[in-house]
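Participant: coords below, sequence missing:
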């Protein structure tokens, strides 16, 4: 007795030769002990991972191509008869898929492999760095080439009891010699665009700073003018008040004159000052005694 689970399918052989139909349903099954042997195979999808290979394109560009595929055992009896096990299937898939990949890439230009459509990036359209009218157009694109390789590989596996379900490019890259030149060209182009933006930014910064300086000078000028107007109005008001106080009566005028003269003495005379005054001058009048001495 043996058990088949949901992920398995079984071929029974007797003395090395298959007997009966493949068993694909889960459950309990029976075989003759010592005479018959149960060979278990996967029912689930299996992985094929190709090796990176250097392949020339139609336009003589050498590129590294890394691919992968998904496959399954569609006919376990035929699979056992032709390939025996999964190791044999992987080896055969290496020959089939790698061969079809090389053939398809050799029939297409590089641009067909690295681009998938004729769409232009929105950022390039907004920046205006790309001239759409001179861009090279593609006819198929990467996905169409992948489907072409898948269809060609499927036709070669029909008699092997397996089915290739999907094929995709994992990575496409330049060889090292070309890659360095491409990167240098990309860096130069990006630096040119960066310098352009930097120059535009510096020009805009200079314009903003100029406007700021003009606005600052205008504000300072208006503030100075307004301050002078306020100061002039204050001086005029002070002069008016002084005149009113001075002209109110004689005693007030004399007292005001006395105070202002004392302030003048305090601000102009110290113990190091020597004065030569006329006895007739107003500055000398409060230094005289009552007898005029």
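Facilitator: Perfect, I can see it now. Please read all numbers here as calculations on a predicted model, not as lab measurements.
Participant: show me what the helix or strand containing residue 197 is packed up against.
Facilitator: Assessed by DSSP states H and E, residue 197 sits inside helix 176-247. Judged by 3 or more C-beta pairs under 8 Å, 6 or more residues apart in numbering; DSSP states H and E, helix 176-247 is in contact with helix 250-268. All C-beta atoms are positioned from the backbone trio N, CA, C, and that covers glycine.
Participant: flag every buried residue along stretch 6-14.
Facilitator: By neighbour count on 16 or more other C-beta atoms under 10 Å, the buried set for stretch 6-14 is 8, 9, 10, 11, 12, 13.
Participant: and the next element down the chain from the host helix or strand of the last one?
Facilitator: Looking back up the chat, that one is residue 13. For residue 13, the host element (DSSP H and E) is strand 8-14. Next in sequence after strand 8-14, counting helices and strands by DSSP H and E, comes strand 17-23.
Participant: list the contacts of the next helix-or-strand element following that next one.
Facilitator: Next along the chain after strand 17-23, taking DSSP H and E as the criterion, comes strand 27-29. The contact list for strand 27-29 (C-beta atoms under 8 Å, 6 or more residues apart in numbering) reads 1, 2, 3, 4, 10, 23, 38.
Participant: just the mean pLDDT for strand 27-29, thanks.
Facilitator: For strand 27-29, mean pLDDT is 93.
Participant: partner strands of whichever helix or strand comes after it and their direction?
Facilitator: Per DSSP H and E, the first helix or strand lying C-terminal to strand 27-29 is strand 36-42. When pairing is defined by DSSP bridges, strand 36-42 lines up against strand 8-14 (antiparallel).
Participant: tell me the angle the strand it pairs with makes with strand 17-23.
Facilitator: Angle, strand 8-14 to strand 17-23, by axes from the mean of the first three to the mean of the last three C-alpha atoms, to 10 degrees: 150 degrees.
Participant: can you give the distance of strand 8-14 from its chain's centre?
Facilitator: 55 Å (C-alpha atoms, centre = their mean, to the nearest Å).
Participant: so what touches it?
Facilitator: For strand 8-14, contacts defined as C-beta under 8 Å, 6+ apart pick out 2, 4, 18-20, 22-24, 26, 29, 31-32, 35-43, 73, 76-77, 80.
Participant: just the buried members of these?
Facilitator: 4, 18, 22, 23, 31, 39, 41, 43, 73, 76, 77, 80.
Participant: gap between the fifth one and residue 255?
Facilitator: Here residue 31 is placed at a distance of 140 Å from residue 255 (C-beta to C-beta, to the nearest Å).
Participant: measure residue 227 to residue 176 for me?
Facilitator: In terms of C-beta to C-beta, residue 227 sits 73 Å off from residue 176.
Participant: how about residue 186?
Facilitator: To residue 176, residue 186 is 16 Å away according to C-beta to C-beta.
Participant: need the nearest residue in space to residue 36, chain neighbours excluded.
Facilitator: Closest residue to residue 36 apart from its sequence neighbours, by C-beta to C-beta, 6 or more residues apart in numbering: residue 14 at 4.9 Å.
Participant: quickly list what that neighbour is bridged to.
Facilitator: Going by DSSP bridges, residue 14 forms beta bridges with residue 17, residue 36.
Participant: ok, now how distant is it from residue 29?
Facilitator: 14 Å.
Participant: got it, and residue 87?
Facilitator: For residue 87 relative to residue 29 (C-beta to C-beta), the value is 25 Å.
Participant: next one: residue 107
Facilitator: For residue 107 relative to residue 29 (C-beta to C-beta), the value is 49 Å.
Participant: in this structure residue 256 contacts residue 245, no?
Facilitator: Yes. Residue 256 is within contact range of residue 245, at 6.3 Å (criterion: C-beta atoms under 8 Å).
Participant: kindly indicate whether residue 278 is helix, strand or coil.
Facilitator: Secondary structure state of residue 278, per DSSP: H, G, I helix; E, B strand; the rest coil, is coil.
Participant: state the number of residues packed around it.
Facilitator: By other C-beta atoms under 10 Å, the residues close to residue 278 number 8.
Participant: rebuild the contacts of strand 27-29 as TSV, extending it with pLDDT and distance to residue 153.
Facilitator: Output for those, formatted as TSV (pLDDT from 0 to 100; distance: C-beta to C-beta, whole Å):
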residue	pLDDT	distance to residue 153
1	91	40
2	93	34
3	93	35
4	94	30
10	95	27
23	92	28
38	93	31
